[in-house]
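In: Below is the sequence, then the predicted model.
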Amino acid sequence: MSRAKGDKAETKAVAFLQKEGYIIIETNFYSRFGEIDIITTKEGTLHFIEVKSGLDYESAIYNITPSKLQKIFKTAQVYLKKNALDVEYTFDAVIVTPDGAELIEDITL
């Protein structure tokens with residue numbers, strides 16, 4: 001996915017999450033292991049969110065691979081340690097299609 005396409009999907013995902021009551025803490029957090037697209041909080045839980053887009057739900061969701069998940073998990077640990085956080089957290093995804101956005105909670109394997 002091109003950076004411009006990814007940015008557009010992430011912008012849509014942020015708007016969707018805010019509408020759903022999530023508070024955006026940070027976007028595009030990088031570590032040597034990878035990137036987390038969006039970090040939010042809602043009701044005391046920290047959410048590490050991967051954004052995927054496609055022409056349909058299936059083409060987007062299949063891009064969340066076990067390898068990608070491992071990179072997200074490692075990067076989340078860096079974020080938690082860097083910010084000295086000891087909070088509940090979860091790994092989620094927002095799937096962006098031409099029809100809208102959908103939140104998938106707890107994408108761990």
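Out: The structure has been received and is ready for your questions.
In: Can you show me the helices along this structure?
Out: Per DSSP state H, the chain carries helices over the ranges 3-19, 57-61, 66-82.
In: Out of those, which gets nearest to Ile39?
Out: Between Ile39 and those, the tightest spacing by C-beta to C-beta is seen for helix 66-82, at 6.8 Å. C-beta here means a position set from N, CA and C on the backbone, and glycine is covered the same way.
In: Show the average pLDDT along the closest one.
Out: The pLDDT scores in helix 66-82 average 95.
In: returning to what we had before: the helices of the chain: which one's closest to Asp99?
Out: Nearest of those (C-beta to C-beta): helix 57-61, 8.6 Å.
In: Output the contacting helices and strands for the closest one.
Out: Contact here means 3 or more C-beta pairs under 8 Å, 6 or more residues apart in numbering; DSSP states H and E; on that basis helix 57-61 packs against strand 45-53, strand 89-97.
In: Could you count how many residues lie near the closest residue to Val94 other than its chain neighbours?
Out: The spatial neighbour of Val94 that comes closest, neighbours along the chain excluded (C-beta to C-beta, 6 or more residues apart in numbering), is Ala13 at 4.1 Å. By other C-beta atoms under 10 Å, 26 other residues sit near Ala13.
In: One more: Ala60?
Out: There are 22 residues near Ala60, going by other C-beta under 10 Å.
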